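**Q** Quick one, what's the 3D model for this:
(one chain, ligands or ions: 1)
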Amino acid sequence: MIRPLRFIIDLLFPPKCCFCGKIVFTHRDDVCPACWEALPGLSGGERRLEVSARTARCVSALRYEGAVRRGFLRYKFSGDYWLGEVFGEILAGVVFEALGGEFDAVTWVPLSARRLRKRGYDQAKILAGTVAGLLGLPLVPTLFKKRDTAANSSLRNAAERQPNVAGAYGILPGAEGLRLLLIDDVLTTGATLSECAGTLLQGGAAHVVCAAFAEADGS
Ligand SMILES: [Zn+2]
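**A** Numbering: from 1, shown residues only. Predicted structure coming up:
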C-alpha cells in the first residue's frame, strides 16, 4: 500500500496488540514488546495422546492463561478472525522445530456446520491454513463433524469429555496414505484431538501428529 495512505489508516485505526489490545506502532508489530516478553511459553510443551491402541505426539505453542487466554477469546468469540494468522505464525514456528519432517500435509479439527454458520469462520482452519502456507504444505480437509457436541469447555474433566466427542467426527475421502499434522485451537484433556486422530488413522491416514495453539490445564 502507498505509504501516506497506510500512515493515515494507522492514525484513524491504530493497530493493536493481539494479546493485550494496547496500541502498537505499526501493522507489522502484531504483538507488543511487553507481551512478547511475558508470553507464557511451554517448556517441553509436548505430550503423547492416546489414540486407539497407539499414541500420537502433540505439541502446543503457549499456555492458555493471562493475555494468551484473553487474546484467544477475542479471536474465537469477537469476530477478530485475522488474529488467527498471527497465532498461526507463532504455532508454525513451534511445529517446525518439534515435528518438522513428520508430516506432508496439514488438516484441522472442524466445527459443526451449525456452529460454523453461527460464527462465520472456523478458528482451527485459519490456524491450520496459516501453518500450511508458512511451511509450504497443502491444507487438506479430512474430517467433518457429524453432530453437535456440548462445548468441551462446559465439561469438567476427561471422564466427561471423552464420551462427549466419541464418534462425533467422520472422515472425508482423500486422507488415505497421508502423513498429517492435525491442528486444534486449545488443548485441554486431549479428548477431541485423540478422537480425531483415531478417526484419521482408522480412515487410512499413514501417520498423525497433533498441534494446538495453546494448552490449558486438563484433568
Ligand atoms: Zn501486548
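**Q** Domain-wise, how is this protein divided?
**A** Following automatic domain parsing, the chain resolves into domains at 1-38, 40-215.
**Q** For the helix ranked longest in the chain, name the packing helices and strands.
**A** If you go by DSSP state H, the chain has its longest helix at helix 83-99. On a contact count with 3 or more C-beta pairs under 8 Å, 6 or more residues apart in numbering; DSSP states H and E, helix 83-99 meets strand 54-63, helix 66-77, helix 123-135, strand 179-187, strand 207-215. Yep, even glycine has a C-beta here, placed from its N, CA and C like the rest.
**Q** For the ion, find the nearest of those.
**A** The ion lies closest, by C-beta to the ion, to one member of the helices and strands packed on helix 83-99: helix 66-77, at 6.3 Å.
**Q** For the closest one, give me every contacting residue.
**A** Contacts with helix 66-77, where a contact means C-beta atoms under 8 Å, 6 or more residues apart in numbering, come from 18-21, 35, 38-40, 62, 64, 80-81, 83-84, 87, 119, 123, 185-186, 213-214.
**Q** Now that helix: buried residues?
**A** Residues of helix 66-77 classed as buried: Ala67, Val68, Arg69, Gly71, Phe72, Arg74, Tyr75, Lys76 (neighbour count, 16 or more other C-beta atoms under 10 Å).
**Q** do stretch 190-210 as well
**A** Quick answer for stretch 190-210 (16+ other C-beta under 10 Å): 190-201, 203, 205, 207-210.
**Q** And stretch 17-33, end to end?
**A** 9 Å (C-alpha to C-alpha, to the nearest Å).
**Q** returning to what we had before: any chance of the buried residues of helix 66-77 in CSV, with pLDDT too?
**A** Formatted as CSV, those follow (pLDDT from 0 to 100):
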residue, pLDDT
Ala67, 88
Val68, 91
Arg69, 92
Gly71, 91
Phe72, 93
Arg74, 90
Tyr75, 92
Lys76, 91
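**Q** how about the residue nearest to Lys22 when sequence neighbours are not counted, what does it touch?
**A** Residue nearest to Lys22 in three dimensions, not counting chain neighbours: Cys32, with 5.4 Å by C-beta to C-beta, 6 or more residues apart in numbering. Applying C-beta under 8 Å, 6+ apart, we find Cys32 in contact with Cys17, Phe19, Cys20, Lys22, Val24.
**Q** among the contacts of helix 66-77, which are in reach of the ion?
**A** Restricting the contacts of helix 66-77 to those near the ion by C-beta under 5 Å from the ion leaves Phe19, Cys20, Cys35.
**Q** about what we covered before: quick one: which of the buried residues of stretch 190-210 sit in helices?
**A** Reading helices off the buried residues of stretch 190-210 with DSSP H, I get Ala191, Thr192, Leu193, Ser194, Glu195, Cys196, Ala197, Gly198, Thr199, Leu200, Leu201.
**Q** thinking Thr199 is in contact with Ala168, fair?
**A** No - using C-beta atoms under 8 Å, Thr199 is not in contact with Ala168; the gap is 9.0 Å.
**Q** Report how many residues lie close to Val24.
**A** Counted with other C-beta atoms under 10 Å, residues neighbouring Val24 total 20.
**Q** What's the separation between the residue nearest to the spatial centre of the chain and Pro33?
**A** Against the mean C-alpha coordinate of the chain, by C-alpha atoms, centre = their mean, the closest residue is Asp185 at 3.0 Å. When distance is defined by C-beta to C-beta, to the nearest Å, Asp185 is 25 Å away from Pro33.
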